[in-house]
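Trainee: coordinates only, sequence not included:
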């Protein structure tokens, strides 16, 4: 017996779970995702979400309401007579009418070790905080923000130079495997949930553009975590004087290094930068409008002499 599943997700992160549930033989009765948004080089073309495109490849019906405020949308959801809703990075806080709109409720795949990093940006915030481990949790959803009881946990280590993009890709696969396992247990009637601890709650606020500029006056470890936590998107950055004009440069990779000096000062020909305490070496960079380059290739096109101060 396969479950009748309503799948709800939007970004690339969610695609692996959708594909894994379909491959496991469950009946995906409909896929909900965010509406197409303006995109393309000029921002004029409507771009379907990665989940929307994946659903079309799988031959699944797709709906993309703006919200569920209207009774017609809630009624349409219930009319699918689904066993369960599976939610992975959908992008909307769901009302109780939707959470309770299937026979067995709604289960969320969340990329943190709850209750740490509830909210919008758990992957980035875990790295930016210097966490050494994180994971995926399958949680039965309630009306709170990531507050429901946990059904399944998968924990992984965060490597010292791992970026948010690398962690994102690993967690996407792990989350898909965990959700398939959870749905198998749910179908068998053996899935159990445990309430989240009341202590250790942290919220992973959405990344604000105002916090993306690198502050080299911080300790090297904090600078390094900031860089890798924002790589590849939106990207931590500094300004470099090029032909007498300040130019923004994103840093997509770094590592801790030996060295000391005035914060922001380039210490050698390998882009080792002094921080408030210690130093970091920048390993991958991208100029505005350019492509990502390893440090050696970047320096060939944009020489940066020792003693230069990055702002």
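Mentor: Ah, there it is. Every value quoted in this text rests on a predicted model; they were computed, and no experiment measured them.
Trainee: centroid residue for the chain?
Mentor: What sits nearest the mean C-alpha location of the chain, by C-alpha atoms, centre = their mean, is residue 123, with 5.1 Å.
Trainee: which residues are in contact with that one?
Mentor: 111-112, 134, 164, 167-168, 171 (C-beta atoms under 8 Å, 6 or more residues apart in numbering). The C-beta positions use only the backbone N, C-alpha and C, and glycine is treated the same way.
Trainee: ok, it to residue 223 distance?
Mentor: 19 Å (C-beta to C-beta, to the nearest Å).
Trainee: packing partners for the helix or strand residue 252 falls within?
Mentor: Following DSSP states H and E, one finds residue 252 within strand 245-257. On a contact count with 3 or more C-beta pairs under 8 Å, 6 or more residues apart in numbering; DSSP states H and E, strand 245-257 meets helix 220-229, strand 236-242, strand 279-287.
Trainee: now that strand and helix 220-229, what's the angle there?
Mentor: Compare the direction of strand 245-257 with that of helix 220-229 by axes from the mean of the first three to the mean of the last three C-alpha atoms, to 10 degrees and you get 110 degrees.
Trainee: got the angle between strand 245-257 and strand 236-242?
Mentor: Using the same axes, to 10 degrees: strand 245-257 against strand 236-242 is 130 degrees.
Trainee: so which residues make contact with the helix or strand that strand 245-257 is followed by?
Mentor: Next helix or strand after strand 245-257 toward the C-terminus (DSSP H and E): strand 272-274. Residues lying outside strand 272-274 but in contact with it, judged by C-beta under 8 Å, 6+ apart, are 216, 257-267, 279-282, 310.
Trainee: where in the stretch 201-311 of the chain is pLDDT low?
Mentor: Within the stretch 201-311 of the chain, not a single segment meets pLDDT under 70.
Trainee: ok, back up a step: closest to residue 305 among the contacts of residue 123?
Mentor: Distance to residue 305 across these (C-beta to C-beta) is lowest for residue 164, with 30.8 Å.
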